[in-house]
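> Turn this into a structure:
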Amino acid sequence: RIIKWAIAFVAMSAISLTVIVILFIKKKKKNQLLREQRDALEERSQELLVQQEEISQKNQELRATTEMLEESNKELRNATQKLEESNKELQMLSAVASMTSNSIFITNKDGDFIWFNDAFSRETRIPIEQLHTHPALKKTAMTPETRSVYEKVVSTKQPQTYTAEMKHLDRPAFWVHSSVTPVLDDKGDIDMIVWVSTDVTELHTAYEKIDDQNKEINASITYARRIQDAVQPMKIFSDEILGDHFVINMPRNIVSGDFHWVGYKNGLSIFTVSDCTGHGVPGAFISMLGQVMLNQTLNKLDDITAANILNIMRTGIIHQLHQRDKDGVLSDSMDASMFVYNREQCIIDYAGAYSHAYILRFGTPDTETMTQCEASGSKIVANDEGDAYLIRLKPNRMTIGIDRRDTIPFTSTKFKVSHGDIAYATTDGYPDQFGGDKQKRLNIATFEKNLLQYCHLSMEDQRKQLEKTFLEWKGDYEQTDDVHVLGIML
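Numbering: from 1, shown residues only. Modelled structure (predicted):
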């Protein structure tokens, strides 16, 4: 029985073990299946993550594409708006070009016509629909002068203007003023050329008439210059009275309001430089009157002093010009430097009316000269080398003509001079000339410096250097006033 029980126990154990093994095997298979399912889920999860990333990236690309599309649409709207504005401007320009009286046409860079406005059709008297095909148009419009302008525009790519006579087909010749403007493309090359012309025939005709009248007037003034020169002292007479001297006479407008005059009486040499009111023709009339009155004054004057001559001249000018009061209608007058030179006694007598006059001496000023200058109000201006100096003679601050002080007599100043001293006189024209780099007046100090710089030269070379300095200073500027300078070796 015990053996039966043992066998039964073993059998039961075997059965239990078998069941356990079977269950283990099943569990293991189940676990294997679960692992496979888990692995599959993990792989699927990875695939889903990849897909999610791809979807996210595509969403970003989609958003970027959407933004680009919105920006493109914005640019398209702006371009559309600009195009509409441009079309409006083009319509306005087209309307202006059509309605303007100015002739407008456009050519390509080869000079072929591509557009015309109505005014060009009226100008050429060719119907606008026939302009493109008209056989003689290009030959007629492209004259040698306009061809030259066209070639210059093409070569420089810059706008040009010209005035020319045009002969278009059957209409009479006429004059136009034209502007030629190149239109450049994005590369800077000429795309087209715009020609705008204005009929200036009436203006040109008026200009020709004025030009003819101007030539006649200039011819008359030039002849008047010959008369004015004729009444100036003859060179042979001046050489005899003055000796070694020079004259600079540079009118601003053909004839001059400045003049010099030379006379001789009772062993005295009289000379003056005068500046009349104005320049050109009005000044020339006063200068002629002044020279006539100087001749009359010298003939009737016995007590010849510089001051007496100016006093008589002033009375004569007031009388001859019918000047009535200090603020009178006629304010014409003269400024002058008057010298009376006694060559034998070596004494020079000076009187001035708003003038610039000098005596130049070589060496240094002595005590007598300094005392005399101080007493007369004259100034001494020396050169840097100390071997020459100017005595700047003091004039009366009165003019020769009606003046608030015309009842006050002019005063004279006498100086003892030596042979070799030089007397100078100038009008305002030389020192008042504008020029130089800064367009300033040359000024009286510079003029005095020039006199001291050139005083060692001969009188003729002094004249040349003073003229050269003046012209170099003036440069391209307009001459300000008449210029008259007199230099005399005493």
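> Just name the shakiest helix or strand of this structure by mean pLDDT.
None of the helices or strands of the chain scores lower by mean pLDDT, DSSP states H and E than helix 137-141, at a mean of 59.
> My read is that Thr161 contacts Ser178, right?
Yes - with contact defined as Cβ atoms under 8 Å, Thr161 reaches Ser178; the gap is 6.7 Å. Placement of C-beta: from N, CA and C, glycine included.
> Could you check which of the two has the larger neighbour count?
Shown here are Thr161 and Ser178; by other Cβ atoms under 10 Å, Ser178 has more neighbours (20 against 11).
> got the end-to-end distance for stretch 399-407?
Start and end residues of stretch 399-407 are separated by 11 Å (Cα to Cα, to the nearest Å).
> Sorry, slip of the keys, the one I care about is stretch 221-241.
30 Å.
> helices and strands around whichever strand or helix holds Ile318, which ones?
Per DSSP states H and E: Ile318 is located in helix 306-320. Counting contacts by 3 or more Cβ pairs under 8 Å, 6 or more residues apart in numbering; DSSP states H and E, helix 306-320 is packed against helix 280-300, strand 334-342, strand 347-353.
> buried set for that helix?
Applying a neighbour-count criterion of 16 or more other Cβ atoms under 10 Å, the buried positions in helix 306-320 are 306-314, 316-318.
> now stretch 448-468
448-455, 462-463, 466-467.
> Can you tell me what sits against that stretch?
244-248, 250, 358, 360, 362, 381-383, 388-390, 392, 422, 424, 430, 469, 485, 487, 489 (Cβ atoms under 8 Å, 6 or more residues apart in numbering).
> Just the buried residues of these.
Looks like these have 245-248, 250, 358, 360, 381, 383, 388-390, 392, 422, 424, 430, 469, 485, 487, 489 buried, using 16+ other Cβ under 10 Å.
> to the chain's geometric centre, what's the distance from the strand or helix carrying Lys468?
In this structure, Lys468 is located in helix 459-474 according to DSSP H and E. Relative to the chain's own centre, helix 459-474 is displaced by 26 Å; criterion: Cα atoms, centre = their mean, to the nearest Å.
> Report the mean per-residue pLDDT for it.
The pLDDT scores in helix 459-474 average 96.
> What of stretch 227-236?
Rounded mean pLDDT across stretch 227-236 is 76.
> quick one: terminal-to-terminal distance for that stretch?
By Cα to Cα, one end of stretch 227-236 lies 18 Å from the other end.
> What lies in contact with that stretch?
Contacts of stretch 227-236 (Cβ under 8 Å, 6+ apart): 255-256, 259-262, 284, 287-288, 291.
> now do stretch 398-406
274, 277, 290, 310, 313-314, 317-318, 321, 323-326, 328, 330-336, 353-354, 397, 408, 410.
> now, which of the contacts of stretch 448-468 lie within helices?
With helices taken from DSSP state H, the overlap with those comprises Thr469.
> for Val200, what are its contacts?
163, 175-177.
> Whichever of the residues you listed end up buried, select them in PyMOL.
Here is the PyMOL command that picks out the buried ones among the contacts of Val200, judged by 16+ other Cβ under 10 Å:
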select buried, resi 175+176+177
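> for the contacts of Val200, which one is nearest Phe120?
Set against Phe120, the nearest of these by Cβ to Cβ is Val176 (11.0 Å).
> average model confidence for whatever helix or strand the closest one lives in?
Assessed by DSSP H and E, Val176 sits inside strand 174-184. Strand 174-184 shows a mean pLDDT of 84.
> Could I get the CA-only coordinates of stretch 193-212 as PDB?
What follows is stretch 193-212, C-alpha atoms only, in PDB (Å, rounded to 0.1, in the frame of the first residue of the first chain):
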ATOM      1  CA  ILE A 193      15.900 110.200 -76.300                       C
ATOM      2  CA  VAL A 194      13.300 112.900 -75.600                       C
ATOM      3  CA  TRP A 195      13.400 116.100 -77.800                       C
ATOM      4  CA  VAL A 196      11.400 119.100 -76.600                       C
ATOM      5  CA  SER A 197      11.400 122.200 -78.800                       C
ATOM      6  CA  THR A 198      10.000 125.700 -78.400                       C
ATOM      7  CA  ASP A 199       9.300 128.000 -81.400                       C
ATOM      8  CA  VAL A 200      11.400 131.100 -80.700                       C
ATOM      9  CA  THR A 201      11.100 132.700 -84.100                       C
ATOM     10  CA  GLU A 202       9.600 135.900 -82.800                       C
ATOM     11  CA  LEU A 203      12.200 136.100 -80.000                       C
ATOM     12  CA  HIS A 204      15.000 135.400 -82.500                       C
ATOM     13  CA  THR A 205      13.700 138.100 -84.800                       C
ATOM     14  CA  ALA A 206      13.500 140.600 -82.000                       C
ATOM     15  CA  TYR A 207      17.100 139.600 -80.900                       C
ATOM     16  CA  GLU A 208      18.400 140.200 -84.400                       C
ATOM     17  CA  LYS A 209      16.700 143.600 -84.500                       C
ATOM     18  CA  ILE A 210      18.200 144.400 -81.100                       C
ATOM     19  CA  ASP A 211      21.600 143.100 -82.200                       C
ATOM     20  CA  ASP A 212      21.500 145.300 -85.300                       C
END
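> how about that stretch: buried residues?
For stretch 193-212, by 16+ other Cβ under 10 Å, it's 193-200, 204.
> can you tell me which of those residues are in strands?
Within these, residues falling in strands by DSSP state E are 193-199.
> Take these and write them to a markdown table, including distance to Lys30.
Formatted as a markdown table, these follow (distance: Cβ to Cβ, whole Å):
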| residue | distance to Lys30 |
| --- | --- |
| Ile193 | 95 |
| Val194 | 95 |
| Trp195 | 100 |
| Val196 | 100 |
| Ser197 | 105 |
| Thr198 | 107 |
| Asp199 | 111 |
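> Any idea how many residues pack against the nearest residue to Ile391 once chain neighbours are set aside?
Of all residues not flanking Ile391 in the chain, Ile359 sits nearest, at 4.5 Å (Cβ to Cβ, 6 or more residues apart in numbering). Using other Cβ under 10 Å, Ile359 has 22 neighbouring residues.
> next one: Asn249
Count around Asn249 with other Cβ under 10 Å applied: 16.
> List the contacts of the residue nearest to it when sequence neighbours are not counted.
Closest residue in space to Asn249, ignoring its immediate chain neighbours: His484 at 5.6 Å, by Cβ to Cβ, 6+ apart. Residues in contact with His484 (Cβ under 8 Å, 6+ apart) are 247-250, 256, 258-260, 273, 275, 426-427, 429.
> Residue ranges in the protein under the pLDDT threshold?
The model of the chain has pLDDT under 70 over residues 1-26, 28, 79-80, 82-101, 124, 128-142, 168-171, 279, 325-331.
> Just the strands from the stretch 101-250 of the chain, written as ranges.
Remark: strands assigned in the stretch 101-250 of the chain by DSSP state E, counting those that start in this stretch are 103-107, 113-116, 160-166, 174-184, 190-199, 245-250.
> so what secondary structure elements neighbour the first one?
Helices and strands in packing contact with strand 103-107 are listed as strand 113-116, helix 118-124, strand 190-199; criterion 3+ Cβ pairs under 8 Å, 6+ apart.
> could these be laid out in CSV, adding distance to Ala219?
What follows is those, written out as CSV (distance: least, Cβ to Cβ, whole Å):
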stretch, distance to Ala219
strand 113-116, 46
helix 118-124, 38
strand 190-199, 32
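> Out of those, the one nearest Asp39 is which?
strand 190-199 (72.7 Å).
> what pairs with that closest one, and is each one parallel or antiparallel?
strand 103-107 (antiparallel), strand 174-184 (antiparallel) (DSSP bridges).
> Distance from the chain centre to that strand, please.
27 Å.
> returning to what we had before: what pairs with the residue nearest to Ile391 across the strands?
Going by DSSP bridges, Ile359 forms beta bridges with Ile391, Ala423.
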